[in-house]
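Colleague: This is the structure alone, sequence omitted:
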């Protein structure tokens, strides 16, 4: 795939500035990571890279999306081996946690597939073989070691990726810190009610020795009234 245009980079930043990261080394940019939010139904459905990224502009960014979508990670070849890619992925994970999102989804390259396709068969068979450690794929292996799971295969995801045969592994990382919000039905209702119970007690003047004694009296009358039908 060709380099991003200045307009595409501006689009990514303008649509979701929080999701764009760079890694620097001695004041030089050596790594880059593009991310946006997306709804679960779209993230886990069939799609191509061009469709889901809005032609590289991150135009499908959904401010209410419950997943982060990993659009791009790039590390300067001259600076590989410094764990830059791993640090960029860690920044993405931290963002998902910070925003209380379910996790991260993306289409991952499988660059060893094309040269083995005749022997292994389908891209799904290749992905499963790598997951079972029967085959080695440097990119997919890195993703799996980084905590991602295989959701499936995205066929014809990026046709220009010849090494992957145009396909991608559909990968997901589920944030273990994510706590699902309570269902609406289980939340206290704020709606008004038509009937309320009012209890009036004629409390004779008497000396109280302590607040605890007063609280015990109140609790008694509350319990009595609660039993009334």
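Modeller: Looks like it arrived, so ask away. Predicted model, so just to flag it, every value in this text is computed and none were measured. Numbers count the residues shown, from 1 in each chain.

Colleague: partners of the longest strand along the chain in the sheet?
Modeller: Taking DSSP state E as the assignment, the strand of the chain that covers the most residues is strand 28-38. The strands beside strand 28-38 in its sheet (DSSP bridges) come out as strand 21-25 (antiparallel), strand 67-75 (antiparallel).

Colleague: and those as JSON lines, adding distance to residue 162 and mean neighbour count?
Modeller: C-beta: built from backbone N, CA, C; applies to glycine. Converted to JSON lines, the strands paired with strand 28-38 look like this (distance: least, C-beta to C-beta, whole Å; neighbours: other C-beta atoms under 10 Å):
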{"stretch": "strand 21-25", "distance to residue 162": "27", "mean neighbour count": "15"}
{"stretch": "strand 67-75", "distance to residue 162": "18", "mean neighbour count": "22"}
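
Colleague: Including mean pLDDT, could those go into a markdown table?
Modeller: Converted to a markdown table, the strands paired with strand 28-38 look like this (pLDDT from 0 to 100):
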| stretch | mean pLDDT |
| --- | --- |
| strand 21-25 | 95 |
| strand 67-75 | 97 |
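
Colleague: who wins for proximity to residue 37 among those?
Modeller: Ranking the strands paired with strand 28-38 by distance to residue 37, with C-beta to C-beta as the measure, places strand 67-75 first at 6.1 Å.

Colleague: Just list what the following helix or strand past that closest one packs against, helices and strands only.
Modeller: Toward the C-terminus, strand 67-75 is succeeded by helix 84-98 as the next helix or strand (DSSP states H and E). The elements that helix 84-98 packs onto, with contact taken as 3 or more C-beta pairs under 8 Å, 6 or more residues apart in numbering; DSSP states H and E, are strand 21-25, strand 28-38, strand 67-75, strand 103-108.

Colleague: Throw these into a markdown table and include distance to residue 96, thanks.
Modeller: Compiled in a markdown table, the helices and strands packed on helix 84-98 are given as follows (distance: least, C-beta to C-beta, whole Å):
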| stretch | distance to residue 96 |
| --- | --- |
| strand 21-25 | 13 |
| strand 28-38 | 9 |
| strand 67-75 | 5 |
| strand 103-108 | 6 |
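
Colleague: returning to that earlier point: compare the strands paired with strand 28-38 and give me the one nearest residue 89.
Modeller: Residue 89 lies closest, by C-beta to C-beta, to one member of the strands paired with strand 28-38: strand 67-75, at 7.1 Å.

Colleague: Tell me the buried residues in stretch 16-36?
Modeller: Along stretch 16-36, these residues count as buried under the neighbour rule (16 or more other C-beta atoms under 10 Å): 16, 19, 20, 21, 23, 30, 31, 32, 33, 34, 35, 36.

Colleague: What segments of this structure are helices?
Modeller: Using DSSP state H, the helices of the chain run over residues 6-15, 40-43, 49-52, 84-98, 117-120, 123-131, 138-145, 211-226.

Colleague: Could you list the domains of this protein?
Modeller: If the domains of the chain are taken from automatic domain parsing, they occupy 6-174, 190-226, with pieces of a single domain joined by a plus sign.

Colleague: Would you tell me which one of these is buried the most?
Modeller: The densest packing among the domains of the chain, expressed as mean neighbour count by mean count of other C-beta atoms under 10 Å, is seen in domain 6-174 with a mean of 17.

Colleague: So what's the gap between that domain and the chain middle?
Modeller: Using C-alpha atoms, centre = their mean, to the nearest Å, we find the averaged C-alpha position of domain 6-174 to lie 12 Å away from the chain's own average C-alpha position.
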